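1. Kindly generate the corresponding structure for this input.
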Amino acid sequence: MSDARTPAQIEADIVRRREQLAVTLDEIGIRVHPKTIVGDAKAKVAATVDHTAGRAFVAVNRVVSDVKARFTHEDGAPRLERVVPVALVAVAVVGLIAASARKGKD
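-> Here you go, the predicted model:
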């Protein structure tokens, strides 16, 4: 058997390949178009920001839960043995800042 093709078959093959090439060139044109590149970059940045914000939220939530667990009992009641010393230190720090500010004005 011979692999000889008729001129009509060759012409049909050429037409089919031209159409495939045109589609490929259109796809390449869309991919390298500035709007496409900017859109892809924006999508990547948005995804990164969403991912980072999500991780930050989880981390902050974990810290808040840990702090809450240190200062409250399982039933939600405050642990006075821990709350009172922290409150006293906070009041002392605020008092020192106020006294320092008052001295600065004199």
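2. ok now the longest helix along the chain, how far from the chain's centre?
-> Looking only at the chain and at elements set by DSSP state H, the helix with the highest residue count is helix 34-71. Averaging C-alpha coordinates over helix 34-71 and over its chain gives two centres that are 4 Å apart (Cα atoms, centre = their mean, to the nearest Å).
3. any idea of the mean pLDDT for it?
-> Averaging the model's pLDDT scores along helix 34-71 yields 94.
4. so what secondary structure elements neighbour the following helix or strand past that helix?
-> The element immediately downstream of helix 34-71 (helix or strand, assigned by DSSP states H and E) is helix 80-105. Helix 80-105 is packed against helix 34-71, with contacts defined by 3 or more Cβ pairs under 8 Å, 6 or more residues apart in numbering; DSSP states H and E. Backbone N, C-alpha and C define where each C-beta goes, glycine included.
5. hang on, the earlier thing: what helices or strands is the longest helix of the chain leaning on?
-> In terms of contact count using 3+ Cβ pairs under 8 Å, 6+ apart, helix 34-71 is assigned the packing partners helix 80-105.
6. Check what pLDDT residue 1 gets.
-> According to the prediction, residue 1 has pLDDT 50.
7. Would you check how far apart residue 23 and residue 89 are?
-> In this view, residue 23 and residue 89 are 72 Å apart by Cβ to Cβ, to the nearest Å.
8. just residue 40 next, same as before
-> Look at residue 40 and residue 89: by Cβ to Cβ, they are 52 Å apart.
9. tally of neighbours for residue 46?
-> The local packing of residue 46 (other Cβ atoms under 10 Å) involves 10 other residues.
10. For it, give its distance to residue 58.
-> For residue 46, the distance to residue 58 - Cβ to Cβ - is 19 Å.
11. can you check residue 35 too?
-> Noted for residue 35: a distance of 35 Å to residue 58, by Cβ to Cβ.
12. Residue 86 now?
-> 25 Å.
13. CA-only coordinates of stretch 33-47 in PDB, if you can.
-> Listed in PDB are the C-alpha atoms of stretch 33-47, where the atom choice follows Å, rounded to 0.1, in the frame of the first residue of the first chain:
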ATOM      1  CA  HIS A  33      -2.000  40.800  26.200                       C
ATOM      2  CA  PRO A  34      -1.200  43.400  28.900                       C
ATOM      3  CA  LYS A  35      -4.800  43.200  30.400                       C
ATOM      4  CA  THR A  36      -4.400  39.500  30.800                       C
ATOM      5  CA  ILE A  37      -1.000  39.800  32.400                       C
ATOM      6  CA  VAL A  38      -2.300  42.500  34.800                       C
ATOM      7  CA  GLY A  39      -5.400  40.400  35.600                       C
ATOM      8  CA  ASP A  40      -3.400  37.300  36.400                       C
ATOM      9  CA  ALA A  41      -1.000  39.400  38.600                       C
ATOM     10  CA  LYS A  42      -4.000  40.900  40.500                       C
ATOM     11  CA  ALA A  43      -5.500  37.500  41.000                       C
ATOM     12  CA  LYS A  44      -2.200  36.100  42.400                       C
ATOM     13  CA  VAL A  45      -1.800  39.100  44.700                       C
ATOM     14  CA  ALA A  46      -5.400  38.800  45.900                       C
ATOM     15  CA  ALA A  47      -5.000  35.100  46.600                       C
END
